[in-house]
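Participant: coords below, sequence missing:
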């Protein structure tokens, strides 16, 4: 069986969209016919080499999406052919297995256990979660990273309380989902901080109450005028390590900063230990501590009851052939979670 896929061949170069041979399924693997996949800044980091040397070239990209199970390998019990699933880089229940090893002429093409930039992809059982067929694909496509991390960091990592104040640094897919979740949590003040005025306008639609454009104001001065004691919580979702310094300084003496963005390899930030002695805390978050089998259904219930209007997170869609255009749009500051579309009927 052959399929078309977007392949990263060399760092710093455009993806090559071509036909590859799908391997036979091994134990713990499933074959998914993709409908939609989310485009994450992680893919930009991979293509540019910002993550560092890549020993797996050539390989497929992507780590969140949705599609239909076509076949299952031995040992798979969690899903069956015909099931609609959300795919995530976050491990859930089921067997752990490597991604498919595709053939491209005489070359091998690697893939991770949740690589989804192909019309038909081989992924691990523990990276898929069954979802209701009635939910639009553009919603289930972004559960695996944007929603898992952005909603999870508010609800699970920080456990934000009603009446809290929060600052969200970077309003991309993850930061946008965090704004949406902060509103659902009942925060009385949600500060959106970004370099893009278009993204700040989008944040207003998601529920942010205050807006700071890094290119127009001194963020800390502006926040101190509005919140003299600092905010209760902050989320670093820009993926720029040094932004965490500003985010930490924006906190109240007992505030908590969650690092949700993915900086480039080797990037660091500095911390004055005294701000920690005062009671401030820094925590990391691994996919918002989301457990796919338990939390994806919960997120979807909140969507279906209009408490989490996840459809507001969606940006532009691109065909697989236009994967490079999607990446360029993301790098250029496109608003919302961008999608790659395959054989979508939704």
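Facilitator: Received the coordinates, thanks. What you see is a predicted model; the values in this text were computed from it and never measured.

Participant: endpoints of stretch 189-207, how far apart?
Facilitator: One end of stretch 189-207 sits 10 Å from the other (C-alpha to C-alpha, to the nearest Å).

Participant: what comes up buried for that stretch?
Facilitator: 189-194, 196, 199-200, 202-203, 206-207 (16 or more other C-beta atoms under 10 Å). Heads up, the C-betas are built off the backbone N, CA and C, glycines and all.

Participant: from these, which ones fall inside strands?
Facilitator: In this view, the buried residues of stretch 189-207 that belong to strands under DSSP state E are 189-194.

Participant: which one among those residues gets closest to residue 332?
Facilitator: Residue 332 lies nearest to residue 194 out of these, by C-beta to C-beta, at 13.9 Å.

Participant: does the closest one touch residue 204 like I think?
Facilitator: No - Residue 194 lies out of contact with residue 204 (C-beta atoms under 8 Å); the separation is 11.7 Å.

Participant: for residue 19, give its distance to residue 33.
Facilitator: 16 Å (C-beta to C-beta, to the nearest Å).

Participant: swap in residue 256?
Facilitator: 42 Å.

Participant: just want to know which of these two has more residues nearby.
Facilitator: When residue 256 and residue 33 are compared for neighbours, residue 256 comes out ahead with 22 against 16, by other C-beta atoms under 10 Å.

Participant: if we can go back for a sec, now the buried residues of stretch 189-207 as TSV including distance to residue 29?
Facilitator: Output for the buried residues of stretch 189-207, formatted as TSV (distance: C-beta to C-beta, whole Å):
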residue	distance to residue 29
189	47
190	41
191	44
192	40
193	42
194	39
196	40
199	38
200	43
202	38
203	39
206	37
207	40
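
Participant: and the two most separated of these?
Facilitator: 189 and 196 (20.8 Å).

Participant: the stretch 1-150 of the chain: strands as residue ranges?
Facilitator: With DSSP state E, counting those that start in this stretch as the criterion, the stretch 1-150 of the chain has strands at 2-8, 16-21, 29-39, 59-60, 64-72, 84-88, 102-104, 107-109, 120-124, 128-130.

Participant: need these in TSV (columns: mean pLDDT and distance to residue 157).
Facilitator: Listed next are those as TSV, based on pLDDT from 0 to 100; distance: least, C-beta to C-beta, whole Å:
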stretch	mean pLDDT	distance to residue 157
strand 2-8	97	30
strand 16-21	98	36
strand 29-39	98	20
strand 59-60	97	29
strand 64-72	98	18
strand 84-88	98	17
strand 102-104	97	35
strand 107-109	97	35
strand 120-124	98	25
strand 128-130	98	20
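
Participant: where does the stretch 201-346 of the chain dip in pLDDT?
Facilitator: 344-346 (pLDDT under 70).

Participant: can you show me the strands along it?
Facilitator: Using DSSP E, counting those that start in this stretch, strands in the stretch 201-346 of the chain cover 210-213, 231-236, 251-259, 281-284, 314-319, 337-341.

Participant: mind listing the helices for the stretch 151-300 of the chain?
Facilitator: Ranges of helices in the stretch 151-300 of the chain, per DSSP state H, counting those that start in this stretch, are 173-184, 197-206, 219-226, 243-249, 273-277, 292-304.

Participant: deepest of those, which one?
Facilitator: helix 173-184 (a mean of 29; mean count of other C-beta atoms under 10 Å).

Participant: so what's the residue lying closest to residue 127 once chain neighbours are set aside up against?
Facilitator: Spatial nearest neighbour of residue 127, chain neighbours left out: residue 114 (4.2 Å); criterion: C-beta to C-beta, 6 or more residues apart in numbering. Listed by C-beta atoms under 8 Å, 6 or more residues apart in numbering, the contact partners of residue 114 are 62-64, 87-89, 99, 123-124, 127, 144.

Participant: again, only using 6 Å
Facilitator: 63, 87, 89, 123, 127 (C-beta atoms under 6 Å, 6 or more residues apart in numbering).

Participant: return the member of the ones in strands among the buried residues of stretch 189-207 nearest to residue 108.
Facilitator: Distances from residue 108 to those, taken as C-beta to C-beta, are shortest for residue 194 (40.3 Å).

Participant: pull the contacting residues for the closest one.
Facilitator: Residue 194 neighbours (C-beta under 6 Å, 6+ apart): 171, 200.

Participant: one more: residue 257?
Facilitator: By C-beta under 6 Å, 6+ apart, the neighbours of residue 257 are 234, 247-248, 282.

Participant: repeat that for 7 Å
Facilitator: Taking C-beta atoms under 7 Å, 6 or more residues apart in numbering, we find residue 257 in contact with 234, 236, 244, 247-248, 251, 282.

Participant: would you map out the domains in this protein?
Facilitator: Using automatic domain parsing, the domains assigned to the chain come out as 2-130+311-341, 146-289.
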